[in-house]
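> With the sequence up front, the predicted model follows.
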Amino acid sequence: MTTTIGAEEEFFLVRTGDRTGDRAVEPAGSRVVARARRTVGDLVSGEFHQGQLEVRTPPCEESGELHRHLAAVRRAAHEACRAEGLGLCATGTPVIGGAGARVLGDHPRYRAGVRQFGTLLDDFTVCAVHVHVHVPDREVAVLTANHLRPWLPLLIAMSANSPFFEGRDTGYASWRTVVRGRFPALSAPPYVDSLADYERLTAALEESEAMLDATIPFWDVRPNPRVPTLEIRVMDVPSDVADTAALTALVRALVVDCAERVRRGDKGPRTCGELLRAAYWRAARDGWPGSGVDALTERVLPFAVQAARLVDRVRPRLEEYGDLERVAAFLRRLDEHGCGAQRQRASWSRRSRPADVVDDLVVATAGTGPVSPA
């Protein structure tokens with residue numbers, strides 16, 4: 001039986017040359033979502049800030065099916081933005097922010113977050129892709145997360161697409177990863193010995209107020225509270241929908257491989273938390289191409305070497321699902337053009353204008369052309 005997959009992508013809504021031309025984030029989420037829902041229903045929804053929206057797929061058996069669904073919902077969101085004089089922009093942090101980037105979405109949980117975390121949320125304007133892989137047994141899911149922990153920095157490097165924040169180059173490939181890392185309980189999940197251990201820990205974190213709700217932890221890997229999936233939340237949203245499909249395919253192969261190890265009695269490596277934190281930081285700073293901490297060997301290795309090892313490990317699953325060539329093509333794109341952060345910086349290099357970066361991202365997000373290669 002095929003293990004199903006799904007994906008959620010988050011985007012910024014930005015002004016375009018048809019309006020003021022400043023390319024800042026526009027708090028128009030409610031209007032754009034209402035327009036897009038006329039075409040795709042509840043596959044599009046609001047997000048933490050009014051200057052964002054989220055699209056999602058239904059459960060899919062094949063990565064090609066997921067690609068088609070994402071392309072369709074992106075297209076609907078893009079057309080809804082155009083009708084409002086806006087652009088749909090896939091980047092992990094806003095290239096140009098402005099006051100509109102901080103207008104809160106309409107949800108009680110968002111307001112609770114502001115009360116609980118205060119000024120920490122001032123810069124929490126981030127967009128990710130969340131990958132769902134069907135894992136119906138919650139005990140297996142939380143132990144599978146143990147196995148995934150050492151591979152999360154590589155996923156950060158491969159997906160890094162947030163070098164700019166509010167008009168300046170941060171010096172990082174994934175500034176979104178840095179922003180998330182400021183919060184308690186909002187990064188790599190801890191190692192746990194069992195589902196009971198996991199539930200005790202989340203309850204304690206909720207009581208400490210480091211977590212809003214024990215049933216909805218915001219770690220980078222979590223068993224989803226509403227559907228029987230393991231959710232991987234560590235990656236910046238890619239500008240190219242083909243990259244999202246490839247990353248989803250790779251993540252599925254890894255999750256299935258890890259879940260099989262759990263069922264054989266292997267609870268996963270006890271990766272050192274400090275080492276993993278360092279690996280996150282290095283991956284966020286350098287992105288692809290570059291080198292980072294391989295948490296399994298505790299050595300600094302090129303990300304290309306780490307990726308080759310990962311593909312070798314999960315090759316049987318990639319072949320089983322027909323995804324080997326999709327992932328190989330993604331790795332070739334990374335080798336040729338670099339990660340999204342490199343492509344954004346190439347856009348900047350033409351005239352040192354943030355607006356050029358935003359314009360290229362809007363084009364790439366809509367699927368009407370690539371971000372300028374490095």
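In hand now; what should we look at?

> wait, what's in contact with F303?
Going by CB atoms under 8 Å, 6 or more residues apart in numbering, F303 touches 154, 157-158, 283, 286, 288-292. To be clear about C-beta, it is placed using only N, CA and C from the backbone, and glycine gets the same treatment.

> So for it, what's the nearest residue that isn't a sequence neighbour?
Nearest residue to F303, sequence neighbours excluded (CB to CB, 6 or more residues apart in numbering): A157, at 4.6 Å.

> Ok, D169 next?
Nearest non-adjacent residue to D169 (CB to CB, 6+ apart): P163, at 5.9 Å.

> got a list of what the one you found touches?
So P163 contacts 169-175, 341, 344-345 (CB under 8 Å, 6+ apart).

> change it to 10 Å
If you count contacts by CB atoms under 10 Å, 6 or more residues apart in numbering, P163 has them with 91-93, 95, 169-175, 236, 287, 339-345, 348, 357.

> measure R74 to R309 for me?
Taking CB to CB, to the nearest Å as the measure, R74 falls 32 Å from R309.

> For those two, work out which one has more neighbours and name it.
Legend: neighbour count by other CB atoms under 10 Å for R74 and R309, higher for R74 (23 against 16).

> what secondary structure does that one sit in?
The three-state assignment at R74 reads helix, by DSSP: H, G, I helix; E, B strand; the rest coil.

> got it, and P225?
Per three-state DSSP, P225 ends up coil.

> Spatially nearest residue to it (excluding sequence neighbours)?
Nearest non-adjacent residue to P225 (CB to CB, 6+ apart): T215, at 4.8 Å.

> Next, that neighbour: secondary structure please.
coil.

> Now do the same contact list for it.
199, 202-203, 206, 223, 225-226.

> what ranges of the protein fall below the confidence cut-off?
17-21, 100-102, 104-111, 214, 368-374 (pLDDT under 70).

> all strands of it, in order?
Ranges of strands in the chain, per DSSP state E, are 5-15, 44-46, 52-56, 86-89, 128-134, 164-165, 168-169, 221-223, 229-236, 291-294, 299-302.

> Now distance to D193 too, for those, in JSON lines please.
Converted to JSON lines, these look like this (distance: least, CB to CB, whole Å):
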{"stretch": "strand 5-15", "distance to D193": "28"}
{"stretch": "strand 44-46", "distance to D193": "36"}
{"stretch": "strand 52-56", "distance to D193": "32"}
{"stretch": "strand 86-89", "distance to D193": "42"}
{"stretch": "strand 128-134", "distance to D193": "22"}
{"stretch": "strand 164-165", "distance to D193": "38"}
{"stretch": "strand 168-169", "distance to D193": "43"}
{"stretch": "strand 221-223", "distance to D193": "15"}
{"stretch": "strand 229-236", "distance to D193": "17"}
{"stretch": "strand 291-294", "distance to D193": "24"}
{"stretch": "strand 299-302", "distance to D193": "27"}
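
> quick one, what contacts the closest residue to E10 other than its chain neighbours?
Of all residues beyond its chain neighbours, the one nearest E10 is C127 (3.8 Å), with distances taken as CB to CB, 6+ apart. Residues in contact with C127 (CB under 10 Å, 6+ apart) are 9-12, 47-49, 52-54, 89-94, 161-162, 176, 236-237.

> change it to 7 Å
10-12, 52, 90-92, 237 (CB atoms under 7 Å, 6 or more residues apart in numbering).

> Over to P150?
269, 271, 295-296.

> cutoff 6 Å now
Taking CB atoms under 6 Å, 6 or more residues apart in numbering, we find P150 in contact with 271, 295-296.

> just how off-centre is the longest helix along the chain within its chain?
Secondary structure assigned by DSSP state H gives helix 241-263 as the longest helix of the chain. Here helix 241-263 is found 14 Å from its chain centre; the criterion is CA atoms, centre = their mean, to the nearest Å.
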